[in-house]
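Enquirer: Could you look at this predicted model? Sequence included:
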Amino acid sequence: MPELPEVEVCRLGIKPHVLNQTVRDVIVRNPNMRWPITPTIDEIIDCSVLEVQRRSKYLLLITQKGTLVLHLGMSGTLRIINKDTPLKKHDHFDLVFGDDVILRLNDPRRFGAVLWVTENINEHPLFIKLGPEPLLEDFSSDYLYQQSRKKTVPIKTFLMNNHIVVGVGNIYANEALFQAGINPLKPAGKITKKRYQALTQIIKDVLKTAIKQGGTTLKDFTQVDGKPGYFAQKLMVYGRKGEKCYTCEDELKEIKQAGRATTFCPTCQKS
DNA sequence: ATAGCAACCTGAGGGC
DNA sequence: TGCCCTCAGGTTGCTA
């Protein structure tokens, strides 16, 4: 389900329900996520949620004893439910704050993760090599330009590399490159500073707009209240292979890059 | 260092 | 109806 906007929408949705609440119980129905949910997770019981943060596509529930790290993988969703809510297939994990406040993780493909981290989160192996947050100031055109020098990797693959910038997944990489008029195959190192200035701003704008719209609902993403996101209605290229470009009406093409589908307009994104 | 790709897993959709 | 194949919003970790 999630790229950065979907995770952020999720964070904003659960925060008012869990902030300053105390964890009463933990229920693990299936520990076999990307990494096993370990019994040390029980250390969170009796802890209070001091902050609800996001780093990259990870949600962080920060308590006095440690941080609960949640990742939604490709198909994960979080809901706030109550004790009478019937169990659905793939409801693998509950964080119980009370009879009426249960944070429940559903994840059919189990690419997601639930981790209990007691060390400094920024020194954790999963976090230590992450690039800057795209919505913060340290993600700038100067930074992106410097990182790209002498890189032959295609710009689309470059943007999806977490070491360069986090949170830009397949949907928003496609959309940002279309809006910037950049060919996804163009080597990152051959793009001018001026074009990086435009691209950097477009990435920020695309992500912010998607957050405002409540994220993109394709198959299984819903907001915490179960409503879909509305950004799918704004997608210019993603998932539109063979359809007409909204700008020039030529046919959108799809190629494969680093194992992921890239959709683009050969006319509007010539170079 | 870098690039490509297999792996993890379930479900949906298309072709026959 | 069923079977088989491909594909899906992510990320790690292997090989060359």
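Expert: In hand now; what should we look at?
Enquirer: Could you use CA atoms for every contact and neighbour count after this?
Expert: Will do.
Enquirer: Could I get the full set of helices for the stretch 51-200 of chain A?
Expert: A:125-128, A:141-148, A:155-159, A:170-180, A:193-212 (DSSP state H, counting those that start in this stretch).
Enquirer: Run through the residues of the stretch 151-271 of chain A sitting next to DNA strand B.
Expert: A:151-153, A:258-259 (C-alpha under 7 Å from any atom of the strand).
Enquirer: Format those as a markdown table; extra columns: distance to DNA strand C and neighbour count.
Expert: Shown next, in a markdown table, are those (distance: C-alpha to the nearest atom of the strand, whole Å; neighbours: other C-alpha atoms under 10 Å):
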| residue | distance to DNA strand C | neighbour count |
| --- | --- | --- |
| A:151 | 16 | 13 |
| A:152 | 15 | 14 |
| A:153 | 14 | 16 |
| A:258 | 8 | 10 |
| A:259 | 7 | 8 |
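Enquirer: Which strand in chain A has the most residues?
Expert: strand A:91-98 (DSSP state E).
Enquirer: Neighbouring strands - and their directions - for it?
Expert: Taking DSSP bridges as the criterion, strand A:91-98 forms sheet pairs with strand A:25-28 (antiparallel), strand A:101-106 (antiparallel).
Enquirer: neighbouring contacts of it?
Expert: Outside of strand A:91-98, the residues within contact range by C-alpha atoms under 8 Å, 6 or more residues apart in numbering are A:18, A:21-31, A:102-107.
Enquirer: Low-confidence bits of chain A, can you list those?
Expert: Applying pLDDT under 70 to chain A flags residues A:1, A:217-224, A:226.
Enquirer: Kindly state the domain boundaries assigned to it.
Expert: What the record gives for chain A is the domain set A:4-128, A:141-264, from automatic domain parsing.
Enquirer: ok, how many other residues are close to residue A:41?
Expert: Residue A:41 has 18 neighbours, counted by other C-alpha atoms under 10 Å.
Enquirer: For stretch A:123-142, C-alpha coordinates in PDB please.
Expert: Provided in PDB are the C-alpha atoms of stretch A:123-142 (Å, rounded to 0.1, in the frame of the first residue of the first chain):
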ATOM      1  CA  GLU A 123      21.900   4.200  14.800                       C
ATOM      2  CA  HIS A 124      19.700   1.100  14.000                       C
ATOM      3  CA  PRO A 125      21.000  -0.800  10.900                       C
ATOM      4  CA  LEU A 126      17.700  -0.100   9.100                       C
ATOM      5  CA  PHE A 127      17.900   3.600   9.600                       C
ATOM      6  CA  ILE A 128      21.600   4.500   9.600                       C
ATOM      7  CA  LYS A 129      22.000   4.600   5.800                       C
ATOM      8  CA  LEU A 130      18.800   6.400   4.900                       C
ATOM      9  CA  GLY A 131      18.900   9.500   2.900                       C
ATOM     10  CA  PRO A 132      17.100  12.800   3.800                       C
ATOM     11  CA  GLU A 133      13.400  13.200   4.100                       C
ATOM     12  CA  PRO A 134      12.000  14.700   0.900                       C
ATOM     13  CA  LEU A 135       9.800  17.200   2.600                       C
ATOM     14  CA  LEU A 136      12.500  18.700   4.800                       C
ATOM     15  CA  GLU A 137      15.000  21.300   3.800                       C
ATOM     16  CA  ASP A 138      18.000  19.100   3.700                       C
ATOM     17  CA  PHE A 139      16.500  17.500   0.600                       C
ATOM     18  CA  SER A 140      17.400  20.300  -1.800                       C
ATOM     19  CA  SER A 141      18.300  20.600  -5.500                       C
ATOM     20  CA  ASP A 142      21.900  21.300  -4.500                       C
END
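Enquirer: burial of whichever residue of the stretch 51-200 of chain A sits closest to DNA strand C, as a residue count?
Expert: Closest approach between the stretch 51-200 of chain A and DNA strand C, counting by C-alpha to the nearest atom of the strand: residue A:169, at 3.3 Å. By the other C-alpha under 10 Å criterion, the neighbourhood of residue A:169 contains 19 residues.
Enquirer: Identify the residues contacting it.
Expert: Contacts of residue A:169 were listed using C-alpha under 8 Å, 6+ apart, and they are A:3-4, A:160.
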